[in-house]
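Asks: the sequence and its predicted three-dimensional model are supplied below.
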Amino acid sequence: MIYLKIFWAFFVPGILGYGGGPASIPLIKNEVVDRYGWLSVHEFSKVMALGNSLPGPIATKIAGYIGYEQAGVLGAAVGVFATAAPSLILMLALLGLLMKFKESPKVKGMTIVVRPVIAVLFGIMTYDFLFSSYESVGIWQTLFIGVASFFLMEKWKVHPAYVIAGALVYGGVFLGG
């Protein structure tokens with residue numbers, strides 16, 4: 001029964017919390033503090049502070065922690081799944097709808113129009129990252145990391161995860177304060 005309670009405590013805020021994790025936090029608080037009494041307001045604020053200090057979506061971190069506290073590892077898995085389930089269900093439904101009408105001229109036209117928009121958004125994001133890097137570490141460090149990353153991934157086919165890890169090490173050793 002506890003697994004069902006954990007599921008509903010995080011599934012309902014996932015459905016109603018339009019806007020992502022921060023929008024669903026008051027709904028999660030209502031479920032875990034007011035409805036089920038698993039945490040006090042003070043404890044919930046500590047869990048939220050811990051969740052904010054870690055990378056990644058806050059709602060899943062809160063769900064994982066509270067699920068673990070209530071029912072161990074399986075409770076954490078249920079909580080995290082319940083947080084992601086509304087988006088997963090909606091994406092599967094939309095993908096099914098898109099696949100059903102993939103031969104439609106309107107759907108084909110939509111995908112033709114969306115591709116350049118995505119390319120422009122990636123270009124803007126790249127420019128923003130480049131400018132931010134230039135401001136924080138300077139042009140020479142930015143160029144070095146960019147060129148080295150390009151050659152490692154494109155010429156020598158090094159997996160991007162290793163390039164990112166190498167850039168983190170480089171930054172920690174040579175650019176760390």
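Replies: Yep, that arrived. The structure displayed is predicted, hence computed values, not measured ones.

Asks: how close does the residue in the chain sticking out farthest from the centre get to residue 111?
Replies: Of all residues in the chain, residue 105 has its C-alpha farthest from the mean position, at 32.9 Å, by CA atoms, centre = their mean. Distance of residue 105 to residue 111, computed by CB to CB, to the nearest Å: 11 Å. Just so you know, the C-beta spots here come from the backbone N, C-alpha and C atoms, and that holds for glycine as well.

Asks: one more: residue 48?
Replies: 39 Å.

Asks: which element is residue 18 on?
Replies: Counting by DSSP states H and E, no helix or strand carries residue 18.

Asks: how near is it to residue 92?
Replies: 19 Å.

Asks: what does residue 157 give?
Replies: For residue 157, the distance to residue 92 - CB to CB - is 33 Å.

Asks: what sits against residue 81?
Replies: By CB atoms under 8 Å, 6 or more residues apart in numbering, the contact set of residue 81 is residue 7.

Asks: count of residues packed around residue 55?
Replies: 5 (other CB atoms under 10 Å).

Asks: secondary structure class for it?
Replies: Assigned with DSSP: H, G, I helix; E, B strand; the rest coil, residue 55 falls in the coil class.

Asks: now it: how far from residue 84?
Replies: For residue 55 relative to residue 84 (CB to CB), the value is 16 Å.

Asks: in which helix or strand does residue 43 reside?
Replies: Going by DSSP H and E, residue 43 is in helix 41-53.

Asks: just checking, what packs against the helix or strand of the chain with the lowest mean pLDDT?
Replies: In the chain, no helix or strand scores lower on mean pLDDT, DSSP states H and E than helix 21-29, which sits at a mean of 86. Contact analysis of helix 21-29 by 3 or more CB pairs under 8 Å, 6 or more residues apart in numbering; DSSP states H and E lists helix 2-16, helix 41-53, helix 58-100 as its packing neighbours.

Asks: quick one, which of those helices is packed in tightest?
Replies: Across the helices and strands packed on helix 21-29, the average number of neighbours (mean count of other CB atoms under 10 Å) peaks for helix 2-16, which reaches a mean of 19.
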